[in-house]
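[1] Pasting a predicted model and its sequence here:
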Amino acid sequence: MLHLLQKPLEAAAPSRRTFLKMSAGTVGGLVLAMNLPRTAQAAAGEGEFIQPFVHIRPDNTVVVLSKHLDKGQGTATGLTTLVADELDASWEQVIAEHAPSNPQVYANTLFGVQGTGGSTAMANSFMQYRQAGAAAKAMIVAAAAQDWGVPAGEISVSDGVVSHASGKSATLGELAGLAAQQDVPAEPVLKTPDQWVYIGKSFPRVDVKNKTVGAPNTYTMDFQRDDLLVAVVARSPRFGGTLKSFDATEAKAVPGVVNVLQIPNGVAVIAESTWPAIKARDLLEIEWDDSAAETRSSDAMMAELKDMTAKPGLKVREDGDADAALEGSARVIEADFEFPFLAHGAMEPLDAALLYDGETAELWLGSQIQTIDHNVAATILEVPFEKVKINTLWAGGSFGRRAQADSHPVAEVAFLAKAMQAAGMDPAPVKIVWTREDDMAGGYYRPMSAHKIKVGLDADNNVTAFKYHIAAKSIIKGTPFESMLMKDGVDHNMTEGAHDTTYAFPLMNMDQSYQETQVPVLWWRSVGHTHTAYVMETMVDRIAKEAGKDPVAYRLELLKDDPRKANVLKLAAEKAGWDTPAPEGRHRGVAVHKSFGSYVAEVAEVSFRDDGTVKVEKVVAAVDCGTPINPDNIRAQVEGGIGYGLGAILRNQVTLADGVVEETNFDTYEPIRISDMPEIEVHIVASNEAPTGIGEPGTPPIGPAVANAIAAAKDDWVTKLPLTKAGLV
Amino acid sequence: MSITLKINGETRTINADPESPLLWALRDELGMTGTKFGCGIASCGACTVHWDGVPIRSCQTFVGDMDGAEITTIEGVNGKAADAVQAAWNELDVPQCGYCQSGQIMAATALLSETPKPTDEDIDAAMDGNVCRCATYARIRKAIHLAADKMEA
């Protein structure tokens, strides 16, 4: 998501202002200051070194402040690696914490606001965090030089120890206070790659210890205080429905329930703890007004999408007269694809806690776009931006779900706090807990979509024209992201991975159509690539089959101008033994796709059980994400990205009956489980290119790689997902 | 009603609705938040604790049925199998978001306590009820085998 913002900010400046204007809060200009505002420096304790991205404590702890939300993707570890390397800290002494919300200091330089997404964290922060580490090291060295009366050039730092040939040595912590008084170098000297001690090697995750002992205060769900109230909210079962009336008599009688209050999107049950709130909510009697709600079934919505693809839409790409080229072709391959709504299903359901005392507000949540959350809270609570504090906590997954354009979980808890104040309740922190059912039936899905393809072939099986039409609800249109991410009315998020393909087709035309529905949609790990990679990579396989060519060899013919993509394809094929027969009873399929600046090829090996269902046995992946900062985390993200994508194509879909979501928990939206998980090998291309994304790029190729492996056995490509619809699961 | 539980070796008395799931008693009444809320219907395993050493889903276990029960949570789990599991989890950097990992570790510890040298099939059978949306399953499998080796060593 948000990856279209990777263009220089200057070019996007007018739109960025609009973006920042989305609510009343003032965030000021973007200042990527290395120097801390004076007030914060003044707040530093005795012997402490405080800079925006690095704190060094007298006890020798180095704290790296992650401006990006770590929701499992390992960003905090990546940023810590960068700082520790340039600072020459020992990895045992570094810890990571989330930075405060402050767009002037902590903006994502690719967005212009503080936020995480689009697999941009390392691409955005590679230089910034290295510079922060290098500046801290220069200040430590200057402090030692001053203290010891020796030239700075004679001082070395290694593994957290500062030393001089005279025998003098000190820890970083011992020099922290004096270092804080040194000048911040304007342009600190960075290491050359041959000097790196952690970058490119593997640096243990900074969060593993806490996550293996059930440490408190890690996630929002675990946020506790003695005076904490817990709320659950009854929301309309149909998207766009509104509250008509409610009776809370029975709910209020449940012991532990403190109050039941109406808020703009429903009814909140507030209790002393979670269970009474959940129990009491079931006792509410509510009438909803569905006059403006989505009341269609998902089947009816899919029929509408398919109708849209049969007619001309908005032009996304137009190389020429595709219809004429198709008419003049020897043959035309036609295909219609259908993709369902998908829920993100992060393990930690949505949640947010807020304390509002009438003048100030403090939030606790896994905030993914802090600047929007901050502005939304300030606007609703009618307090100045600087009177809102956000404590960003580790998030139990997101996959896109916590990066909303409307900050609806923050808006909801802010409205609740105002309702509590209006009801005369004393100020108290309140945490809204979403149950799994609330989370899964709550919308913000990967949009459902229909895709129509026509590919013309000449007598020699060369492609003459590639015509492609996608219909879906736009994730961007009608949101604050619209002015920034849409150009000439076209949503390129919807078609990314297709309109920008580097396959050398002589003529490609692409249209898109927007469905209007109250069902809210959102980016889901790899956004448009979740569907375009499947379509493009299965179509290329079909064309190769028509041409009687090997799928890898055929792709390489088409990728002559994209050497990095060709390279990962060759590497994955080689490591998977593509040129040798698959083991007995197994079938191979391949896919290669670029997303978020990174190239990933995957070879899937499948078998079929006696009942005809498919088992994905093994996946061999090759990835080029530029300079590999943490190879083990890259492997972990590709493993997880493959599993996440595989679960979805096997059996996940959100369907609606009369506008009501049918899959509301893991019994009907069955996640991938350990017995479904293939063996995975990940091979990383050595590279000196700038680092690019890794949280998302492992996901797009797995669906088509599996579909192509199935087709290798059955000569039939699945076009309607999930695979349960084809009886394969 | 007043209910007495033995949790991680300590006797604790809580005053709770007998219909309250053990999960919420642990988290909200006793402040032990290592046991996670994932689904509430025993479909994900994030809330796994041990009852007399046997893994159970605390979201579907009601405190009213548990007077006198001996419960072990992630905060208190220890012993040869637990130590090996936690060490293996750290060594292989298993967690990503980490939210499910308390439950994974409790399930894996119970498996290794019963079956010190599990096969892949044993692992599938014991761990299939524990969902990880980050899909760290490949590492969970490796870590269980590694923990088994550590226990043998």
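    In hand now; what should we look at? Residues are numbered from 1 along each chain as shown, chains lettered A, B, ... in the order given.
[2] make it CA atoms for all contacts and neighbour counts henceforth
    Fine.
[3] Against residue A:548, how distant is the residue in the stretch 601-729 of chain A positioned nearest to chain B?
    Proximity of the stretch 601-729 of chain A to chain B (C-alpha to the nearest C-alpha) peaks at residue A:640, 4.8 Å away. With the distance defined as C-alpha to C-alpha, to the nearest Å, residue A:640 ends up 34 Å from residue A:548.
[4] Please say which of the two ends up with more neighbours.
    Using other C-alpha atoms under 10 Å in any protein chain shown, the more surrounded residue of residue A:640 and residue A:548 is residue A:640, with 28 against 11.
[5] The host helix or strand of the more buried one - what's its average pLDDT?
    Using DSSP states H and E, residue A:640 maps to helix A:631-651. Per-residue pLDDT over helix A:631-651 has a mean of 98.
[6] do the same with stretch A:609-628
    Mean predicted lDDT for stretch A:609-628 stands at 98.
[7] and it, which residues are buried?
    A:614-628 (16 or more other C-alpha atoms under 10 Å in any protein chain shown).
[8] Please give the number of neighbouring residues around residue A:463.
    Residue A:463: 23 neighbours (other C-alpha under 10 Å).
[9] Might one say that it is in contact with residue A:505?
    Yes - using C-alpha atoms under 8 Å, residue A:463 is in contact with residue A:505, at 6.4 Å.
[10] coming back round to it: of the buried residues of stretch A:609-628, which belong to strands?
    A:614-624 (DSSP state E).
[11] So, low pLDDT: which residues of the chain?
    Picked chain A for this. Applying pLDDT under 70 to chain A picks out residues A:1-44.
[12] residue with max distance from the center of it?
    What lies farthest from the middle of chain A is residue A:166; by C-alpha atoms, centre = their mean that is 50.5 Å.
[13] and that one, that's in a strand?
    No - when DSSP: H, G, I helix; E, B strand; the rest coil is applied, residue A:166 is found to be coil, with no strand at that position.
[14] So it versus residue A:155, what's the distance?
    Residue A:166 is 10 Å from residue A:155, by C-alpha to C-alpha.
[15] what does residue B:30 give?
    Distance, residue B:30 to residue A:155, using C-alpha to C-alpha: 52 Å.
[16] Residue A:637 too?
    Residue A:637 sits 39 Å away from residue A:155, taking C-alpha to C-alpha as the criterion.
[17] If you count surrounding residues, which of these two has more?
    Comparing residue A:637 with residue A:155 by other C-alpha under 10 Å, the one with more neighbours is residue A:637, at 26 against 20.
[18] neighbours around the nearest residue to the more buried one once chain neighbours are set aside, how many?
    Residue nearest to residue A:637 in three dimensions, not counting chain neighbours: residue A:695, with 5.7 Å by C-alpha to C-alpha, 6 or more residues apart in numbering or on different chains. Look at residue A:695: counted by other C-alpha under 10 Å, it has 27 neighbours.
[19] pretty sure residue A:695 contacts residue A:635?
    No - judged on C-alpha under 8 Å, residue A:695 makes no contact with residue A:635 at a distance of 10.4 Å.
[20] how about residue A:665, phi and psi?
    Main-chain torsions, residue A:665, degrees, to the nearest 10: phi -160, psi -180.
[21] show me what contacts the closest residue to it other than its chain neighbours?
    Leaving aside its chain neighbours, residue A:665 sits nearest to residue A:437 (5.6 Å; criterion: C-alpha to C-alpha, 6+ apart). Taking C-alpha atoms under 8 Å, 6 or more residues apart in numbering or on different chains, we find residue A:437 in contact with A:664-665, B:39.
[22] Look up how far residue A:686 lies from residue A:437.
    Following C-alpha to C-alpha, the distance that separates residue A:437 from residue A:686 is 44 Å.
[23] and if you look at residue A:332?
    41 Å.
[24] between these two, who's got more neighbours?
    Taking other C-alpha under 10 Å, residue A:332 and residue A:686 do not tie; residue A:332 has more neighbours (19 against 13).
[25] can I assume that one is in contact with residue A:453?
    No - applying C-alpha under 8 Å as the test, residue A:332 and residue A:453 come out as separate, 9.8 Å apart.
[26] What is the neighbour count of residue B:125?
    Every residue meeting other C-alpha under 10 Å relative to residue B:125 is counted, giving 13.
[27] With residue A:282 instead?
    11.
[28] which residues does the closest residue in space to it that isn't next to it in sequence contact?
    Sequence neighbours aside, residue A:251 is the residue nearest to residue A:282 in space, at 7.7 Å (criterion: C-alpha to C-alpha, 6+ apart). Residue A:251 is in contact with A:257, A:260, A:269, A:280-284, counting by C-alpha under 8 Å, 6+ apart.
[29] gap between the most centrally placed residue in chain B and chain A?
    The C-alpha lying nearest the average C-alpha coordinate of chain B belongs to residue B:106 (C-alpha atoms, centre = their mean; 2.8 Å). Counting by C-alpha to the nearest C-alpha, to the nearest Å, the gap from residue B:106 to chain A is 10 Å.
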